[in-house]
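**Q** Sharing a model that was predicted from the sequence below.
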Amino acid sequence: MTSREFDIVIPPGKVRERIDVYLTNHVENATRSKVQQAIRDGMVLVDGKPVRSSHKVAPGEILHIT
């Protein structure tokens, strides 16, 4: 099984919200618990750095998901 990687750029004007909530709403078949586990496992980076589930996404940030 190959892992899939993709980037999401937070659009201008986006209201800040927790990264786990944002990804749950924007990634197909994602549940909040799966997203939180991926964040803990270092599979979600913001501008190249690991973050916590409570990180608030901001416009212009680049999320890299593995």
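**A** Nice, I can see it.

**Q** For stretch 24-32, what is the distance to the chain centroid?
**A** Relative to its chain's centre, stretch 24-32 lies at 10 Å (C-alpha atoms, centre = their mean, to the nearest Å).

**Q** Need the distance between the two termini of that stretch.
**A** 5 Å (C-alpha to C-alpha, to the nearest Å).

**Q** Go ahead and confirm residue 16 touches residue 55.
**A** No - assessed by C-beta atoms under 8 Å, residue 16 is found out of contact with residue 55, at 9.7 Å. No exception for glycine: its C-beta is placed from N, CA and C like everyone else's.

**Q** okay, these two: which has more neighbours?
**A** Neighbour totals were compared for residue 16 and residue 55, and residue 55 leads with 19 against 12 (other C-beta atoms under 10 Å).

**Q** backbone phi and psi for the more buried one, please?
**A** Main-chain torsions, residue 55, degrees, to the nearest 10: phi -60, psi 130.

**Q** In terms of pLDDT, where does it sit?
**A** Predicted confidence (pLDDT) at residue 55: the value is 97.

**Q** Which residue ranges of the protein form strands?
**A** In the chain, the strands defined using DSSP state E lie at 6-9, 17-18, 44-46, 49-50, 56-57, 62-65.
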